[in-house]
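**Q** Coordinates only, no sequence provided:
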């Protein structure tokens, strides 16, 4: 039974050491297999609890017979009255004076004074000195104390027993003690104990009873082997714990695993980085995912193999050592196959091109060129893909952008340019028939750097169409600008002349329409002549010949029309002022009639004065309005030039600088 307990304790000690070794990256089973020996060390100590009795003398005291235990008695001088006979006059109250007897100055003739021998009529007892009791002899008493002795006190096990010197610890639960209890019991004679467990007795002391206990504490030295070195762990029981040891083999093993993992991870990172940075083809179509998985597995397999090979040979197993080791050698082979096996090919590119997958064909061609697999075929495939994209472009901008990209062979680029010329020419013709100048300008801008001749011709057509459209909308300023721009673009003279003639015809028709309204009112006539003057001036600039009627004739008619319009405005203003005055007088008369019909609340003189004042205010207001209208009409009247004509642009109320400059200067206002 003892041998079984010993084996269990050893197994438990190894388990505690294995549990502590897990934090170094070694499993508990692997550590148990790496243990070489288990050495037990037993540390024993004893303790004894002694009850010691001591005798000592105790003084006996009794009540004082003098004061009867009160500690004080009545004063013998004043007998408790607090007043004593005066010492100066012997209690008579009189003392001799110069002229006879006089009152005692001490007691002031009272014959007594306050007693100074007592306190409140009592004095302390002199027999017991105020304590109330006196000594009556001595008696013998006994006391007991408990003392615990330990041997050896400086042992490791005794130091672990924190309450080893506590008397109450003798009766504690044995499972709480840090050591096993081997023997315990009472000692009949303390002399039977070792001298180290005997207490030191003083005078008049004796041992009443003694109780002794013997303890045994086991510690185990567990020797193991790892990383080709030997280490040990010290394990104590109650409670089981690993207290110290040589952990350098475990640290070396963990460092070896980390070093193997770091080296393998670095190699895997270099391989994966090189694989992905070779070309984008490998990212899309290579064995990137299997390579990454194999690289990660290689790093962990290298760490497991390093940890497995640094175990004790007895701890080697299939899962700990052989599988990680074999995987460490096989995974690089798989990585090499995943790295080198997939490659771009001409057949794949041609198949993608035949299937219409231009993106895949372009990637294959670029990969063939950058990896130097087949540069000649790569150039041919690249131009084929490029030409397919040009022909399949949705817009002229896309086609032009494809043409601008680099080409390997000149014949492919020439075919692309030819396709762009045909497409842009057809589109320009379509937009020209639709009379859309903006679309034509956009086409010209898109192909200007690739087909400058087609772009220039398209731009000229856009400007010509814009000039025609502006003329049709009677926007002659826009038409004039477009004709000037067409001349600057350097188009054929016949084409420019045709545009000028077309715009001139529209302007001439507009001039004739403006001249038709001669019977209209003066203000409408002025507006019509102003538009005719602007059209005639633009006609002269566009066609290079004078209009019919000429600018001078229209300016003369405009001056006369403005004079007539001003006269008409003055006439209308005067008529309006007269009508306003008549209305004001009519209102005043109506108010006067109403005032006469109403009951008179004021004196007749005062009413007449109020009526005259109201009439004067209304008359002045009408005169002011008429004056303002006259001044406004004169300010809007045209200036009179020295040659007798009216200025077409300047008025009497405006600035006169530059007015009548072609008519010998300003003569004055026309009104």
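**A** Yes, it's here. This structure is a prediction, so every number in the text was calculated from the model and none was measured.
**Q** May I ask which helix or strand of the chain has the lowest mean pLDDT?
**A** helix 604-635 (a mean of 68; mean pLDDT, DSSP states H and E).
**Q** which element follows it toward the C-terminus?
**A** Using DSSP states H and E, the helix or strand that follows helix 604-635 in sequence is strand 638-641.
**Q** helices or strands up against that next one?
**A** Packing partners of strand 638-641 (3 or more C-beta pairs under 8 Å, 6 or more residues apart in numbering; DSSP states H and E): helix 551-597, strand 646-651, strand 666-669. C-betas here are computed from N, CA, C, even on glycine.
**Q** Highest mean neighbour count out of those?
**A** Highest mean neighbour count among those (mean count of other C-beta atoms under 10 Å): strand 646-651, with a mean of 20.
**Q** Could you check how far that strand is from the centre of its chain?
**A** 70 Å (C-alpha atoms, centre = their mean, to the nearest Å).
**Q** Give me the contact list for stretch 280-294.
**A** Stretch 280-294 has contacts (C-beta atoms under 8 Å, 6 or more residues apart in numbering) with 271-272, 275-276, 331, 334-335, 338-339, 341-342, 344, 363-364, 366-367.
**Q** before we move on, back to that, the helices and strands packed on strand 638-641: which one's closest to residue 257?
**A** strand 646-651 (100.9 Å; C-beta to C-beta).
**Q** Neighbouring strands of the closest one in the sheet, and parallel or not?
**A** Partners of strand 646-651 in the sheet, by DSSP bridges, are strand 638-641 (antiparallel).
**Q** related to what we said a few turns ago, can you put the helices and strands packed on strand 638-641 in JSON lines and add distance to residue 465 and mean pLDDT?
**A** Shown next, in JSON lines, are the helices and strands packed on strand 638-641 (distance: least, C-beta to C-beta, whole Å; pLDDT from 0 to 100):
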{"stretch": "helix 551-597", "distance to residue 465": "29", "mean pLDDT": "80"}
{"stretch": "strand 646-651", "distance to residue 465": "35", "mean pLDDT": "77"}
{"stretch": "strand 666-669", "distance to residue 465": "46", "mean pLDDT": "80"}
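**Q** With distance to residue 534 added, can I get those in a markdown table?
**A** Listed next are the helices and strands packed on strand 638-641 as a markdown table, based on distance: least, C-beta to C-beta, whole Å:
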| stretch | distance to residue 534 |
| --- | --- |
| helix 551-597 | 9 |
| strand 646-651 | 11 |
| strand 666-669 | 23 |
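**Q** between the ones you listed, which one is nearest to residue 132?
**A** Across these, closest to residue 132 is helix 551-597 (C-beta to C-beta), at 133.2 Å.
**Q** The closest one versus strand 646-651: what angle between them?
**A** 60 degrees (axes from the mean of the first three to the mean of the last three C-alpha atoms, to 10 degrees).
**Q** What is the distance between helix 551-597 and the centre of its chain?
**A** Distance, centroid of helix 551-597 to centroid of chain: 76 Å (C-alpha atoms, centre = their mean).
**Q** which other helices and strands contact it?
**A** helix 522-543, helix 604-635, strand 638-641, strand 646-651.
**Q** among those, which is the most enclosed?
**A** Buried most deeply of the helices and strands packed on helix 551-597, by mean count of other C-beta under 10 Å, is strand 638-641, with a mean of 24.
**Q** which residue sits closest to residue 477, ignoring its sequence neighbours?
**A** residue 538 (7.2 Å; C-beta to C-beta, 6 or more residues apart in numbering).
**Q** Would you confirm that that neighbour contacts residue 475?
**A** No. Between residue 538 and residue 475 there is no contact under C-beta atoms under 8 Å: 10.6 Å.
**Q** roughly how far is the host helix or strand of residue 367 from the heart of the chain?
**A** Using DSSP H and E, residue 367 sits within helix 358-370. Between the centre of helix 358-370 and the centre of its chain there are 42 Å (C-alpha atoms, centre = their mean).
**Q** Now do that helix: everything it contacts.
**A** By C-beta under 8 Å, 6+ apart, helix 358-370 touches 278-282, 284-285, 344-346, 348-350, 352-353, 373-375, 377-379, 381-382, 384-385, 388-389, 392.
**Q** which of those residues count as buried?
**A** 279, 281-282, 285, 344, 346, 348-350, 352-353, 374, 377-379, 381-382, 384-385, 388-389 (16 or more other C-beta atoms under 10 Å).
**Q** still on that earlier bit, which of the contacts of stretch 280-294 ranks first by neighbour count?
**A** residue 364 (29 neighbours; other C-beta atoms under 10 Å).
**Q** And the pLDDT for the spatially closest residue to it that is not a sequence neighbour?
**A** Once flanking residues are discounted, residue 364 sits nearest to residue 349: 3.6 Å by C-beta to C-beta, 6+ apart. Residue 349 carries a pLDDT value of 74.
**Q** packing partners for the host helix or strand of residue 349?
**A** When elements are defined using DSSP H and E, residue 349 is found to belong to helix 346-355. Judged by 3+ C-beta pairs under 8 Å, 6+ apart, helix 346-355 is in contact with helix 358-370, helix 375-391.
**Q** Looking at the contacts of stretch 280-294, which is nearest residue 213?
**A** Once C-beta to C-beta is applied, the member of those that ends up nearest residue 213 is residue 331, at 63.9 Å.
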